[in-house]
Every structure is written in C-alpha cells, then in structure tokens.
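S.K.: Sequence below, structure please.
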Amino acid sequence: MTHSESTGTHVPVLIVGGGPTGLAAAIELAAHGVASTVIEPRVAVDTDRPRAKTTNTRTMTHLRRWGLADTLRAAAPIPVDYAQDAVFCSTLLGKEITRFEEIFQLTVTRPTEQPERGQQVGQPVVEEVLRAEAERLDLIDLRLGLTVVAVEQTPTGARAIVQDHAGDTTETIDADYVLGSDGGSSLVRPALGGRLEGGSGVRPNLSILFHAPGLAERVPFENVSHHWVLAPGAGGIVGRLDLKDTWWAIVQGVDVSTGETDPVGMVRSLIGDEMPVEIIATDKWNCRMLLADRYQSDEHPNLLIAGDAAHLNPPWGGHGFNTCVGDAVNVAWKLAAVLNGWAGPNLLRSYEPERRPVAARTIADATANNKALAHHFASDLLGQDGPEADQARAAVAADLQIKKSEFHSLGLVLGYNYADSPLVTDDGTPAPAEDPIHYTPSAHPGFLLPHAWMADGSSVYDHLNKGFTLITLPGVDADTAAVAEVAARQSIPFSVLALTDDAVEGDPVHLRERWGTDVLLVRPDQHVAWRGDDANAAAAALTRAAGW
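M.R.: Got it, this is the predicted structure:
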C-alpha cells in the first residue's frame, strides 16, 4: 500500500531507497512476515533510462519464490524465445564476425541448473513489477516522493529524518533497523562508518535510447539480443528495447574532450546507414569498480547497506542489478529472523562476510571485461570484402573469445558460495574451484542447492520451507526427531522434505550423485547449511545456521 504520510513513528525496518534492491528486500521481509517502510524520492519510474537489462537465472528464481517470475516475463517487451544470442559485427547492417549463443542464460529449452531461464528486460519494467507487488502487500508501506536526509544509530535502534521534495514537511521515523539501498551516493553508508574503495574507468560511456522505424527489418542477424558493433569511432552495443521501433545503445569509450557529442551521428555509425533516427534520451556515465569497506559495523549495528550503496561494478556481464538482489535476499531473511525472535547473535553478523566476497568477485570479473570493449577491436577492415578483410574478421573472432566469461558466466551466477560463513558446518570435503564460466553443481556446505526437477514438473525449490528444510533422499529412513525438536525449542521455522522414488524426475540415484549425501539442511535462501548421512547431526548444524 502507498501512503503520503507515516502511519506511525516506529517501524521494524526502514528501507532507504526504493529501487530494485530496496523493493526486493521489502518483498523478502514480507515473505517472512516482517513489515517495512520504503522511502523513495522518485514518484515515477524513469522509463527513458533502462540501465540494467539482464535479469539472470538466479534472480528469476528469487522472483519465482515471490510468485513474480511469470509476471515479469509477461511484462517484458521481448520474450526469451525471440532472441538469445550476442553477435559481433562491423555495423548493425554490416558483416557478422562471431557470435555467442544463449547468452545470460537465455535459452529456448527448459533449464536444468535452475528452475528459471534468464530474461532480457529493462530495469524500469522490473521496478514496475516490484512496485506493484510492494503496493499489493499489506506489510510494505511504500512511500514515494520523499527523501531521507539524515540517519543515525540510537540506543535502541535507528532513526531517520524524512522530508518531502519541497522541504516543507519533516518527519522523524524510528526503526529497529535501517537498510540503505540508496545507491552509490548513499547517505546510510557514511552513517555506519563505511566508504567506497576502488577506481573508475578511464573514458566515459554514452547510453542512447532511440527510435528507428524500419531498422529491425533491415538488420541481417537473426536471433540476436545484443549486437556488439565494432565500427571505428562508435564501438558499442545495440539492442531492441521492444518489438516496435525502440532501441538502446551504449557507445563505449566516448571521447567528449572535443565538445558536444552527436548521438544521432553515433547511432548512424553503429547502424552503418544515414537512416532517420529520433533520439529519446542520452545518459553519460562512467564505469565504477568500487566496494564498500563495510556493509555493517559493531559501532552502528542497526544500520546496514545493500546493492549499489555497497558496491558498484561495470555492467559488462549484467551482474550489477542481480548482485544487488542477492544482497537484498541475504540481509532480509536474516533481519526477519532477528525481528521474529529466533536468530542467534551471529546470524545478522554473517551478512557482510557472506555477501562482500561475492561483490568483490563480481567486480573483478566485470573489470576484466571492461578491458575488452567494442572499440578495442574496431577496424574499418571488418566491414569490407576481400581476402584481407576475411583474414581480419577471423583474427578478431579469435581474439573475441576473451569475452566468453561475459556472456557465459554460470559459474559466477550460480557458483558463488558461502563456504567460509560462520553459519555453515563444513563436511571436510574439498569445495569446487571457482570458475566464472563453468558451473559445477555441488551440495558442499555453503553452496547453492543443486537444482532438480520433480516428476510433477515442479522444482525441488518449490517444496522448500521459507525457513530451513531438511531434505532426505529416496530410500533413506532418517530419524529427524532430534533436529525437529531443536527447531521447535528455538522457534526456528523448519520442515522435513522426504523425497520418494516416484516424486523425483528420472532415476533418483542421480540426486545422491549430484548432492553427494543422503541428508541435507537447506537455508531460507536455498543454500546448503549442512550435509551428511546422520540426520541427528543436523540438530547442531541447525543451531549454528540460525546464528547461535
């Protein structure tokens, strides 16, 4: 529900910033029965600056948990089945150099490693879907057109000062916790004693939204979502924003030192033709490789940050927005556990050591891709005919294999893990090596539960408890009484999922091979907290996983 004024002076969680991170956190909190108030300055979503365009398979699986995956797909202007590839070309109307197929987990077949495929969709559409859900949920008070101007830790929690745009109305809101999802210029980050560390790209980039009637019918490349154009002077990326005539472009490494940029000229250089082009909006930006030195602090324990307030990385690979949603889910279920009374003192403290390494790894991979942009490969020869041009295209195609991790990054998307978390009970086995490209499914404690389809067409994830789930494999007669007793005594939300032979799609033996055990304890975020053969041993693991 949306309100113009506060319904009270105290809230459980005050979320500063109602972009994708803040909205995701609010929805996750609501899923665990915890109320929140979201303060967002923007009354309307800016549709002219789509920014993030990739919702990866992991984020789509979070949306599935919230019942929003199909809603987002229905709202997306371009269905997954329309296009899945990235092509590198001389110009949009020129010659193909090479392509990467089924990028960003865009696939026409049923996925195996997660229950959801990726989805190409502009961030404004994602925000609209999340806003609508926030407005629907009674546990979320979404307050638009307001700005938080000050935040501080208090003896009993946290306090924020909120103003309207005119500065005429000032309101004080007390909260048990304040979550800063307020972007790179975060107000909450310095309030908890944090600062961003890192660097920026050497040259800026220019995002352009434009209309080009008839362009789609002229582009010779089929099944393409991203066109990487290697035109000299206008190297960049072009893609369709919808199935009409709206397109987006990113001109990489723009030199603005010579004066005003010419977006029409740049778009025409990318297209390779002087056709009519109407510019809708432009947005100059620079790549940031920045990571907060802390997400929380002992001095300000009721202030936390997530998303762009905690990390900023180049967009290459499409990880930024998705990493933000991962932060939101991790911190929100832990905040909910604290406020619902079953969290131990180590649970919320685990947020930073679990999520900050994920951001560092993502920044490192995106930074590597920032060193291999379209203008680095640009050449007039690439669009020409003849043996020399053929040879040039072949050489560039070979060099472009360095971009593989940008488009095929399942190891980064699904292989991130919390194996070193204080909440996880190690089983003494070696963990899979990190690989940004290749994903090795593993139920090693701390890793994401390897996905499996059930015989009825549902996902094993669909059967997990909103709290903890103890999974027993088919044919295993496990005594789960001890762990159930611990869960009941400590009021930890818990259930047992006893899989049977006929419940699992295919031969259930493959699950034992895939998971490497007979019994697993899975957290609310679908990560494995413990695995073993004796269900009684899961009791101590559950206590630890709950932060005790």
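S.K.: what separates the residue nearest to residue 295 when sequence neighbours are not counted from residue 194, distance-wise?
M.R.: Closest residue to residue 295 apart from its sequence neighbours, by Cβ to Cβ, 6 or more residues apart in numbering: residue 352 at 4.1 Å. For the C-beta atoms, the positions are set from N, CA and C on the backbone; glycine is no exception. As judged by Cβ to Cβ, to the nearest Å, residue 352 and residue 194 stand 10 Å apart.
S.K.: list residues touching both of these two?
M.R.: 294-295 (Cβ atoms under 8 Å, 6 or more residues apart in numbering).
S.K.: Looking at those two, which is more packed in?
M.R.: Neighbour count, other Cβ atoms under 10 Å: between residue 352 and residue 194, residue 194 has more, with 23 against 19.
S.K.: Which of the three states applies to that one?
M.R.: What DSSP: H, G, I helix; E, B strand; the rest coil gives for residue 194 is coil.
S.K.: Please apply the same query to residue 131.
M.R.: helix.
S.K.: for it, what are its contacts?
M.R.: By Cβ under 8 Å, 6+ apart, the neighbours of residue 131 are 18, 23, 45, 142.
S.K.: any low-confidence regions in the stretch 201-350 of the chain?
M.R.: Scanning the stretch 201-350 of the chain for pLDDT under 70 picks out 201-202, 255-260.
S.K.: just checking, residue 237 touches residue 228?
M.R.: Yes - the criterion here is Cβ atoms under 8 Å, and residue 237 meets it with residue 228 at 5.5 Å.
S.K.: Residues in contact with both of these two, list them for me.
M.R.: Joint contacts of residue 237 and residue 228 (Cβ under 8 Å, 6+ apart) are residue 374.
S.K.: Of these two, give the one with the bigger neighbour count.
M.R.: A count of neighbours by other Cβ under 10 Å puts residue 228 above the other of residue 237 and residue 228, at 27 against 22.
S.K.: That one contacts residue 89, doesn't it?
M.R.: Yes - counting by Cβ under 8 Å, residue 228 touches residue 89, with 7.1 Å between them.
S.K.: neighbours around the nearest residue to residue 102 once chain neighbours are set aside, how many?
M.R.: Leaving aside its chain neighbours, residue 102 sits nearest to residue 84 (4.8 Å; criterion: Cβ to Cβ, 6+ apart). By other Cβ under 10 Å, 21 other residues sit near residue 84.
S.K.: contacting residues for residue 84?
M.R.: Contacts of residue 84 (Cβ under 8 Å, 6+ apart): 101-103, 106-108, 223, 225.
S.K.: what's residue 261 in contact with, if anything?
M.R.: Residue 261 touches 206, 254, 282, 284, counting by Cβ under 8 Å, 6+ apart.
S.K.: Tell me the helices and strands packed up against the helix or strand of the chain with the lowest mean pLDDT.
M.R.: Least confident helix or strand of the chain, by mean pLDDT, DSSP states H and E, is helix 374-377 with a mean of 86. Helices and strands touching helix 374-377, by 3 or more Cβ pairs under 8 Å, 6 or more residues apart in numbering; DSSP states H and E, are strand 236-240.
S.K.: and the next element down the chain from the strand it packs on?
M.R.: Beyond strand 236-240 in the direction of the C-terminus, DSSP states H and E gives the next helix or strand as strand 246-251.
S.K.: on that earlier part again, residues making contact with the least confident helix or strand of the chain?
M.R.: With Cβ under 8 Å, 6+ apart, helix 374-377 has contacts from 88, 228-230, 235-237, 252-253, 396, 399-400.
S.K.: try 10 Å this time
M.R.: Helix 374-377 has contacts (Cβ atoms under 10 Å, 6 or more residues apart in numbering) with 88, 97, 203, 227-237, 250-255, 270, 395-397, 399-400, 402-403.
S.K.: Going by neighbour count, which residues of it are buried?
M.R.: 374-375, 377 (16 or more other Cβ atoms under 10 Å).
S.K.: same thing with stretch 135-150?
M.R.: Of the residues in stretch 135-150, those buried (16+ other Cβ under 10 Å) are 137, 139-144, 146-148.
S.K.: Next: stretch 222-236.
M.R.: Buried-residue list, stretch 222-236, by 16+ other Cβ under 10 Å: 224-231, 234-236.
S.K.: I'd guessed residue 38 sits against residue 127; true?
M.R.: No - using Cβ atoms under 10 Å, residue 38 is not in contact with residue 127, being 12.0 Å away.
S.K.: More neighbours: which of these two?
M.R.: residue 38 (28 against 21).
S.K.: Tell me the bridge partners for that one.
M.R.: On the basis of DSSP bridges, residue 38 takes part in beta bridges with residue 15, residue 142.
S.K.: mind listing what it touches?
M.R.: 2, 11, 13-19, 22-23, 25-27, 131, 134, 140-144, 146, 179, 181.
S.K.: Can you select the buried ones from the residues you listed in ChimeraX?
M.R.: A single ChimeraX command selects the buried members of the contacts of residue 38 (16+ other Cβ under 10 Å):
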select :11,13,14,15,16,17,18,19,22,23,25,26,27,131,134,140,141,142,143,144,146,179,181
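S.K.: So which of the contacts of residue 38 are in helices?
M.R.: Among the contacts of residue 38, the members found in helices (DSSP state H) are 22-23, 25-27, 131, 134.
S.K.: from the residues you listed, which is closest to residue 357?
M.R.: residue 25 (19.8 Å; Cβ to Cβ).
S.K.: returning to that earlier point: tell me the residues that contact both of residue 38 and residue 127, please.
M.R.: Joint contacts of residue 38 and residue 127 (Cβ under 10 Å, 6+ apart) are 18-19, 23.
S.K.: biggest strand in the protein by residues?
M.R.: strand 170-180 (DSSP state E).
S.K.: Moving C-terminal from that one, which element do we reach first?
M.R.: Downstream of strand 170-180 (by DSSP H and E), the next one is helix 188-191.
S.K.: If you tally nearby residues, what's the number for the nearest residue to residue 411 once chain neighbours are set aside?
M.R.: Nearest residue to residue 411 in three dimensions, chain neighbours excluded: residue 435, at 4.3 Å (Cβ to Cβ, 6+ apart). If you count neighbours by other Cβ under 10 Å, residue 435 ends up with 14.
S.K.: Need the three-state assignment for residue 435.
M.R.: Per three-state DSSP, residue 435 ends up coil.
S.K.: The helix or strand hosting residue 216 packs against which elements?
M.R.: Residue 216 is located in helix 215-218, with elements delineated by DSSP H and E. The contact analysis (3 or more Cβ pairs under 10 Å, 6 or more residues apart in numbering; DSSP states H and E) places helix 215-218 against strand 236-240, helix 263-271.
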